[in-house]
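> Based on what follows, work out the 3D shape:
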Amino acid sequence: MSTARSDGDSWEITESVGATALGVAAARAAETRSENPLIKDPFAQVFLDAVGDGVWNWYSAAQLSPEVLEAEPQLPLQRRAMVGYMASRTAFFDQFFLDATHAGIRQVVILAAGLDSRAWRLAWPDGITVYELDQPRVLDFKQSTLAEHGARPACDRVAVAVDLRHDWPEALRQAGFDASAPSAWSAEGLMPYLPAAAQDLLFDRVHGLAAVGSRVAVEALGPKFLDPEFRARRRERMDRIRELMAKVDPQRQVPRTEELWYFEEREDVGDWFRRHGWNVTVTPADELMAGYGRQAAQEVEDAVPGNLFVAAQRA
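Okay, here's the model as predicted:
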């Protein structure tokens, strides 16, 4: 699924970072199908159906074989924990945007929008413009797939096809964004894919475009991300599962997402926004999941990212 990153890399929806977007869609589809879903994303399965089976269906694969379960009895719990994490993350950003727009903000910017379908599935108030920024191929796939399915956006959706490593603020302005009016921003599932310097530049640019009263929500990396013991345990567990799955189900390789990440020291996101005059709230992932009734079983807590959910408002 993945190869090491390079400065100018791009990808099809079934490759590299694109395939990770399909993996997240698979987790949202699994939660939507569950008995008591925290979120409902009817479009997640539409994307999966459009591309067919592949590594991205790791979360929503049918029953695991007895051979796999015997060797890795905790695997169902691990998968459930990750689906619970993705559901909680989705619910956090959904609520963030609905709160911001009900408070009067009329411009929404989704950075690295991927296969997020909020522009279609949320109950937006009237008069909302949602700017979706991502690679052209990703946005094209999303738009054409949902159009073929007969789905229409529930807001004024504006696709801004741009690589976030390029001059996206200019592309956003040209698409109609008004930097003098308040806006609401999200960076979900994005931070590990950015080097530290690119993360700082991203926040500098958001700060430069966000008028007073603007809001931002970020899925930030927590201390677990660089913790050598946590990384080693994660790598050992994933290598074991990969080896096992390669034997029993060669068609379903387990993705190597960590090859796409930048393991670099970086400033704490909450601190960055506080330093720039924003009022900040930080919720650790385990607290967020517990609040939604989706906490991971104790024996698989390590399977869940130790990310921090940052919400900030420009004072």
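> contacts for stretch 117-130?
Applying CB atoms under 8 Å, 6 or more residues apart in numbering, the contact partners of stretch 117-130 are 40-44, 93-94, 97-98, 101-102, 106-110, 132, 142, 146, 151-158, 176. Any C-beta I mention is one placed from the backbone N, CA and C, and that applies to glycine too.
> Report the rounded mean pLDDT for that stretch.
For stretch 117-130, the mean per-residue pLDDT is 97.
> CA atoms only: put it into CSV for me.
What follows is stretch 117-130, C-alpha atoms only, in CSV (Å, rounded to 0.1, in the frame of the first residue of the first chain):
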residue,chain,number,x,y,z
SER,A,117,-18.2,13.6,3.3
ARG,A,118,-19.3,16.3,5.7
ALA,A,119,-20.2,18.6,2.9
TRP,A,120,-22.9,16.0,1.9
ARG,A,121,-23.9,14.4,5.2
LEU,A,122,-24.1,17.2,7.9
ALA,A,123,-27.2,19.2,8.5
TRP,A,124,-25.6,22.6,7.7
PRO,A,125,-27.4,25.8,8.5
ASP,A,126,-28.3,27.9,5.4
GLY,A,127,-25.7,30.0,3.7
ILE,A,128,-22.6,27.9,4.6
THR,A,129,-19.7,27.6,2.2
VAL,A,130,-17.4,24.6,2.7
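> what separates that stretch from the chain centre, distance-wise?
Remark: stretch 117-130 is offset 18 Å from the chain centroid, using CA atoms, centre = their mean, to the nearest Å.
> likewise stretch 186-198?
The answer for stretch 186-198 is 10 Å, by CA atoms, centre = their mean.
> low-scoring pLDDT stretches of this protein, where are they?
For the chain, the stretches flagged by pLDDT under 70 are 1-19, 53-65, 67-68, 70-71, 73, 250-255.
> Quick check, central residue of it?
residue 189 (3.1 Å; CA atoms, centre = their mean).
> The residue lying closest to residue 213 once chain neighbours are set aside: neighbour count?
Closest residue to residue 213 apart from its sequence neighbours, by CB to CB, 6 or more residues apart in numbering: residue 182 at 3.9 Å. Residue 182: 19 surrounding residues under other CB atoms under 10 Å.
> again with the one 10 residues further on
The local packing of residue 192 (other CB under 10 Å) involves 19 other residues.
> I'd guessed it sits against residue 259; true?
No: the pair residue 192 / residue 259 is not scored as a contact, 11.1 Å apart, by CB atoms under 8 Å.
> Now whichever strand or helix holds residue 203: buried residues?
Using DSSP states H and E, residue 203 maps to helix 196-209. Of the residues in helix 196-209, 198, 199, 202, 203, 205, 206, 207, 209 count as buried by neighbour count, 16 or more other CB atoms under 10 Å.
> try stretch 280-299
Neighbour count says stretch 280-299 has 280, 282, 283, 285, 286, 288, 289, 292, 294, 295, 296 buried, by 16+ other CB under 10 Å.
> Now the terminal residues of that stretch, how far apart.
End-to-end distance for stretch 280-299: 32 Å, by CA to CA, to the nearest Å.
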